[in-house]
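Colleague: Okay, here's the prediction I keep looking at, along with the sequence it came from:
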Amino acid sequence: MRRPVIVTDLDGTLLNHDDYRWAPAVPALARAQAAGVPIVLNSSKTAAEMIELAAQLRLDGPLVFENGGGICRRPAPDAPWQTMVLGVPRAQLQARLNALRARHGWRFRGFGELDVAEVAALTGLTPAAAALARRRQCSEPLDWQDDEDALAACTSALEAAGLAVTRGGRFVHVSGRHDKGSALEQLLGGTLGQVIALGDAPNDLPMLQRAAVAIVIPRPDGSALAVPGHADVRIAPAPGAEGWGRAVDSLLDELGCPRHKEQEHG
(Lines give C-alpha, C1' and ligand atoms only; values in the text may rest on other atoms or scores of the structure.)
Protein backbone atom coordinates (compact mmCIF):
# COMPACT_ATOMS: atom_id res chain seq x y z
CA MET A 1 0.00 0.00 0.00
CA ARG A 2 1.21 3.47 -0.86
CA ARG A 3 0.81 6.23 1.67
CA PRO A 4 -2.28 5.15 3.61
CA VAL A 5 -5.26 7.29 4.63
CA ILE A 6 -7.06 6.45 7.87
CA VAL A 7 -10.79 7.07 7.70
CA THR A 8 -12.64 6.58 10.96
CA ASP A 9 -16.08 6.62 12.46
CA LEU A 10 -16.40 8.31 15.83
CA ASP A 11 -19.08 7.02 18.26
CA GLY A 12 -18.25 3.47 19.30
CA THR A 13 -15.04 3.52 17.27
CA LEU A 14 -12.51 6.27 17.98
CA LEU A 15 -14.78 7.41 20.82
CA ASN A 16 -16.04 4.99 23.47
CA HIS A 17 -19.73 4.17 23.15
CA ASP A 18 -20.76 5.19 26.66
CA ASP A 19 -18.40 7.96 27.78
CA TYR A 20 -17.09 9.32 24.43
CA ARG A 21 -13.49 9.18 25.72
CA TRP A 22 -10.66 8.75 23.22
CA ALA A 23 -7.63 8.77 25.54
CA PRO A 24 -6.64 5.12 24.89
CA ALA A 25 -6.33 5.91 21.17
CA VAL A 26 -4.05 8.93 21.65
CA PRO A 27 -0.66 7.16 21.28
CA ALA A 28 -1.65 5.52 17.99
CA LEU A 29 -3.28 8.73 16.79
CA ALA A 30 -0.09 10.67 17.55
CA ARG A 31 2.03 8.00 15.87
CA ALA A 32 -0.05 8.16 12.68
CA GLN A 33 0.14 11.95 12.62
CA ALA A 34 3.91 11.89 13.15
CA ALA A 35 4.24 9.43 10.23
CA GLY A 36 2.29 11.80 7.97
CA VAL A 37 -0.74 9.51 7.67
CA PRO A 38 -3.84 11.64 6.95
CA ILE A 39 -6.80 11.04 9.26
CA VAL A 40 -10.33 11.67 7.99
CA LEU A 41 -13.25 11.68 10.44
CA ASN A 42 -16.41 10.21 8.88
CA SER A 43 -19.41 10.30 11.20
CA SER A 44 -23.13 10.75 11.65
CA LYS A 45 -22.26 13.75 13.84
CA THR A 46 -22.91 17.31 12.72
CA ALA A 47 -20.30 19.56 11.17
CA ALA A 48 -20.39 21.70 14.33
CA GLU A 49 -19.64 18.67 16.54
CA MET A 50 -16.87 17.41 14.30
CA ILE A 51 -15.11 20.76 13.96
CA GLU A 52 -15.04 21.02 17.75
CA LEU A 53 -13.70 17.48 18.10
CA ALA A 54 -11.11 17.97 15.35
CA ALA A 55 -9.73 20.93 17.29
CA GLN A 56 -9.43 18.79 20.44
CA LEU A 57 -7.71 16.00 18.49
CA ARG A 58 -5.51 18.51 16.62
CA LEU A 59 -6.72 17.34 13.23
CA ASP A 60 -7.01 19.60 10.20
CA GLY A 61 -9.50 17.49 8.30
CA PRO A 62 -11.12 16.91 5.97
CA LEU A 63 -14.33 15.79 7.68
CA VAL A 64 -17.38 13.91 6.40
CA PHE A 65 -20.46 14.77 8.46
CA GLU A 66 -24.01 13.47 8.88
CA ASN A 67 -23.45 10.06 7.26
CA GLY A 68 -22.06 11.53 4.06
CA GLY A 69 -24.46 14.47 3.90
CA GLY A 70 -21.61 16.95 3.62
CA ILE A 71 -17.88 17.56 3.63
CA CYS A 72 -15.79 20.09 5.56
CA ARG A 73 -12.31 21.14 4.43
CA ARG A 74 -9.68 23.65 5.44
CA PRO A 75 -7.52 25.11 2.65
CA ALA A 76 -4.78 25.70 5.25
CA PRO A 77 -4.35 24.67 8.92
CA ASP A 78 -5.32 28.11 10.26
CA ALA A 79 -8.00 28.84 7.65
CA PRO A 80 -11.75 28.74 8.36
CA TRP A 81 -13.59 25.51 7.65
CA GLN A 82 -15.42 25.38 4.32
CA THR A 83 -18.61 23.28 4.25
CA MET A 84 -20.22 21.63 1.23
CA VAL A 85 -23.67 20.09 1.73
CA LEU A 86 -24.38 17.08 -0.48
CA GLY A 87 -27.70 15.87 0.90
CA VAL A 88 -31.39 16.77 1.18
CA PRO A 89 -32.04 19.80 3.41
CA ARG A 90 -33.24 18.89 6.89
CA ALA A 91 -36.53 20.80 6.61
CA GLN A 92 -37.62 18.58 3.70
CA LEU A 93 -36.80 15.45 5.70
CA GLN A 94 -38.79 16.68 8.69
CA ALA A 95 -41.81 17.50 6.54
CA ARG A 96 -41.85 14.00 5.07
CA LEU A 97 -41.45 12.35 8.50
CA ASN A 98 -44.24 14.44 10.01
CA ALA A 99 -46.59 13.52 7.17
CA LEU A 100 -45.86 9.80 7.54
CA ARG A 101 -46.34 9.88 11.30
CA ALA A 102 -49.65 11.70 10.97
CA ARG A 103 -50.85 9.12 8.44
CA HIS A 104 -49.66 5.92 10.14
CA GLY A 105 -49.33 6.79 13.82
CA TRP A 106 -45.76 5.54 14.10
CA ARG A 107 -44.07 6.42 17.37
CA PHE A 108 -40.79 8.29 17.11
CA ARG A 109 -39.24 11.63 17.96
CA GLY A 110 -36.87 13.50 15.67
CA PHE A 111 -33.94 15.51 16.98
CA GLY A 112 -35.74 18.68 15.93
CA GLU A 113 -38.46 17.87 18.48
CA LEU A 114 -36.02 17.38 21.36
CA ASP A 115 -34.57 20.16 23.46
CA VAL A 116 -30.94 20.26 24.59
CA ALA A 117 -31.68 18.50 27.89
CA GLU A 118 -33.49 15.64 26.15
CA VAL A 119 -30.68 15.14 23.63
CA ALA A 120 -28.18 15.14 26.50
CA ALA A 121 -30.20 12.54 28.39
CA LEU A 122 -30.51 10.24 25.36
CA THR A 123 -26.88 10.48 24.29
CA GLY A 124 -24.92 11.06 27.50
CA LEU A 125 -23.48 14.24 25.98
CA THR A 126 -22.91 17.38 27.99
CA PRO A 127 -25.46 20.14 27.36
CA ALA A 128 -22.89 22.08 25.31
CA ALA A 129 -22.14 19.04 23.16
CA ALA A 130 -25.84 18.22 22.84
CA ALA A 131 -26.45 21.74 21.49
CA LEU A 132 -23.90 21.06 18.74
CA ALA A 133 -25.54 17.70 18.01
CA ARG A 134 -28.86 19.45 17.33
CA ARG A 135 -27.32 21.64 14.59
CA ARG A 136 -28.11 19.26 11.75
CA GLN A 137 -28.17 20.32 8.12
CA CYS A 138 -29.03 17.28 6.01
CA SER A 139 -30.25 14.44 8.23
CA GLU A 140 -32.70 13.77 11.02
CA PRO A 141 -31.91 11.19 13.72
CA LEU A 142 -34.95 9.46 15.17
CA ASP A 143 -35.44 8.20 18.68
CA TRP A 144 -37.45 5.23 17.44
CA GLN A 145 -40.09 4.16 19.97
CA ASP A 146 -42.16 1.74 17.89
CA ASP A 147 -41.57 -1.92 17.03
CA GLU A 148 -39.48 -3.48 14.26
CA ASP A 149 -42.44 -4.01 11.95
CA ALA A 150 -43.32 -0.33 12.13
CA LEU A 151 -39.69 0.59 11.46
CA ALA A 152 -39.63 -1.68 8.40
CA ALA A 153 -42.83 -0.07 7.08
CA CYS A 154 -41.51 3.43 7.75
CA THR A 155 -38.23 2.57 6.03
CA SER A 156 -40.09 1.31 2.96
CA ALA A 157 -42.19 4.48 2.78
CA LEU A 158 -39.15 6.73 3.10
CA GLU A 159 -37.19 4.78 0.50
CA ALA A 160 -40.15 5.00 -1.89
CA ALA A 161 -39.92 8.78 -1.47
CA GLY A 162 -36.26 8.72 -2.51
CA LEU A 163 -34.81 8.93 0.99
CA ALA A 164 -32.48 6.63 2.93
CA VAL A 165 -32.67 5.09 6.41
CA THR A 166 -29.56 3.91 8.26
CA ARG A 167 -29.07 2.61 11.78
CA GLY A 168 -26.32 4.08 13.88
CA GLY A 169 -25.19 3.07 17.32
CA ARG A 170 -28.11 4.85 19.05
CA PHE A 171 -30.52 6.30 16.50
CA VAL A 172 -32.23 5.69 13.19
CA HIS A 173 -30.95 8.30 10.72
CA VAL A 174 -33.08 9.61 7.85
CA SER A 175 -31.35 11.40 4.99
CA GLY A 176 -31.05 11.70 1.24
CA ARG A 177 -29.49 8.86 -0.70
CA HIS A 178 -25.95 9.44 0.37
CA ASP A 179 -23.80 7.56 2.81
CA LYS A 180 -20.35 7.50 4.34
CA GLY A 181 -19.00 5.65 1.31
CA SER A 182 -20.43 7.89 -1.42
CA ALA A 183 -19.07 11.00 0.30
CA LEU A 184 -15.71 9.30 0.74
CA GLU A 185 -15.60 8.59 -3.00
CA GLN A 186 -16.29 12.24 -3.74
CA LEU A 187 -13.66 13.32 -1.24
CA LEU A 188 -10.84 10.91 -2.10
CA GLY A 189 -11.65 9.79 -5.63
CA GLY A 190 -8.98 7.51 -7.03
CA THR A 191 -7.11 7.08 -3.75
CA LEU A 192 -9.67 4.73 -2.15
CA GLY A 193 -7.18 1.90 -2.60
CA GLN A 194 -5.08 3.50 0.12
CA VAL A 195 -7.88 3.76 2.69
CA ILE A 196 -7.83 2.01 6.05
CA ALA A 197 -11.35 2.40 7.43
CA LEU A 198 -12.53 1.81 10.99
CA GLY A 199 -16.16 1.50 12.09
CA ASP A 200 -18.58 -0.42 14.26
CA ALA A 201 -22.17 0.06 13.08
CA PRO A 202 -24.30 -0.63 9.97
CA ASN A 203 -24.01 2.97 8.81
CA ASP A 204 -20.25 2.38 8.51
CA LEU A 205 -20.64 -0.45 5.98
CA PRO A 206 -20.49 1.70 2.81
CA MET A 207 -17.21 3.20 4.06
CA LEU A 208 -15.74 -0.14 5.17
CA GLN A 209 -16.68 -1.87 1.93
CA ARG A 210 -14.82 0.71 -0.17
CA ALA A 211 -11.63 0.60 1.89
CA ALA A 212 -8.54 -1.48 1.15
CA VAL A 213 -8.50 -2.58 4.79
CA ALA A 214 -11.68 -2.67 6.90
CA ILE A 215 -11.19 -2.69 10.66
CA VAL A 216 -14.34 -3.49 12.64
CA ILE A 217 -14.43 -2.27 16.23
CA PRO A 218 -16.40 -4.78 18.32
CA ARG A 219 -19.34 -3.72 20.41
CA PRO A 220 -19.09 -3.75 24.21
CA ASP A 221 -20.91 -7.12 24.26
CA GLY A 222 -18.22 -8.64 22.04
CA SER A 223 -20.30 -8.92 18.87
CA ALA A 224 -18.94 -7.40 15.66
CA LEU A 225 -20.37 -6.03 12.42
CA ALA A 226 -20.01 -8.30 9.37
CA VAL A 227 -18.55 -6.80 6.17
CA PRO A 228 -19.69 -9.21 3.44
CA GLY A 229 -17.50 -9.74 0.40
CA HIS A 230 -14.48 -7.83 1.66
CA ALA A 231 -11.06 -9.41 1.22
CA ASP A 232 -9.32 -7.82 4.21
CA VAL A 233 -11.55 -7.44 7.26
CA ARG A 234 -9.96 -7.30 10.69
CA ILE A 235 -11.65 -7.28 14.07
CA ALA A 236 -10.06 -4.95 16.62
CA PRO A 237 -9.02 -6.63 19.89
CA ALA A 238 -11.23 -4.45 22.11
CA PRO A 239 -14.22 -2.09 21.88
CA GLY A 240 -13.97 1.67 21.47
CA ALA A 241 -10.85 3.77 21.74
CA GLU A 242 -8.71 0.96 23.14
CA GLY A 243 -9.49 -1.29 20.20
CA TRP A 244 -8.96 1.61 17.80
CA GLY A 245 -5.52 2.33 19.20
CA ARG A 246 -4.36 -1.28 19.23
CA ALA A 247 -5.64 -1.99 15.72
CA VAL A 248 -4.09 1.16 14.24
CA ASP A 249 -0.79 0.47 16.02
CA SER A 250 -0.70 -3.01 14.52
CA LEU A 251 -1.34 -1.68 11.02
CA LEU A 252 1.30 1.02 11.39
CA ASP A 253 3.73 -1.73 12.39
CA GLU A 254 2.87 -3.59 9.18
CA LEU A 255 3.42 -0.43 7.14
CA GLY A 256 6.82 0.16 8.74
CA CYS A 257 5.87 3.41 10.45
CA PRO A 258 8.23 4.25 13.33
CA ARG A 259 7.06 4.00 16.89
CA HIS A 260 6.24 7.43 18.30
CA LYS A 261 6.51 8.68 21.86
CA GLU A 262 3.09 8.92 23.44
CA GLN A 263 1.60 12.38 23.31
CA GLU A 264 -1.21 13.66 25.49
CA HIS A 265 -3.77 15.99 24.02
CA GLY A 266 -5.16 18.86 26.02
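Modeller: The structure has been received and is ready for your questions. Numbering: from 1, shown residues only.
Colleague: does A35 really touch G256, like I thought?
Modeller: No. Shown here, A35 and G256 do not form a contact pair, counting by C-beta atoms under 8 Å, at 9.2 Å. Placement of C-beta: from N, CA and C, glycine included.
Colleague: For those two, indicate the residue with more neighbours.
Modeller: Neighbours were counted for A35 and for G256 using other C-beta atoms under 10 Å; A35 has more, 16 against 7.
Colleague: And for that one, nearest residue in space, chain neighbours not counted?
Modeller: Nearest residue to A35 in three dimensions, chain neighbours excluded: C257, at 4.0 Å (C-beta to C-beta, 6 or more residues apart in numbering).
Colleague: sec struct for the one you found, please.
Modeller: Under DSSP: H, G, I helix; E, B strand; the rest coil, C257 falls in the coil class.
Colleague: Quick one: residues contacting S44.
Modeller: D11, E66, N67, S139, P141, T166, G168, F171, H173, N203 (C-beta atoms under 8 Å, 6 or more residues apart in numbering).
Colleague: Show me what the first one is bridged to.
Modeller: According to DSSP bridges, the residues that bridge with D11 are L15.
Colleague: Tell me if I'm right that it and H17 touch.
Modeller: Yes. Using C-beta under 8 Å, D11 is in contact with H17, at 6.6 Å.
Colleague: So A35 versus A241, what's the distance?
Modeller: Note on A35: its distance to A241, by C-beta to C-beta, to the nearest Å, is 19 Å.
Colleague: actually G256, not the one I wrote
Modeller: For G256 relative to A241 (C-beta to C-beta), the value is 24 Å.
Colleague: In this structure A28 contacts E242, no?
Modeller: No. Counting by C-beta under 8 Å, A28 stays clear of E242, with 10.1 Å between them.
Colleague: if you count what's nearby, which of those two comes out ahead?
Modeller: Between A28 and E242, counted using other C-beta under 10 Å, the more crowded position is A28 (23 against 17).
Colleague: Which helix or strand contains E140?
Modeller: E140 belongs to strand 139-144 when elements are defined using DSSP states H and E.
Colleague: By neighbours, which of the contacts of S44 wins?
Modeller: N67 leads the contacts of S44 on contacts (other C-beta under 10 Å) with 31 neighbours.
Colleague: ok, and the closest non-adjacent residue to that one?
Modeller: Excluding the flanking residues, the one nearest N67 by C-beta to C-beta, 6+ apart is S44, at 4.8 Å.
Colleague: Now the phi/psi pair for the one you found, please.
Modeller: Phi and psi for S44, reported as degrees, to the nearest 10, are phi -80, psi -10.
Colleague: and what of the one 10 residues further on?
Modeller: Per-residue torsions, A54: phi -60, psi -40 (degrees, to the nearest 10).
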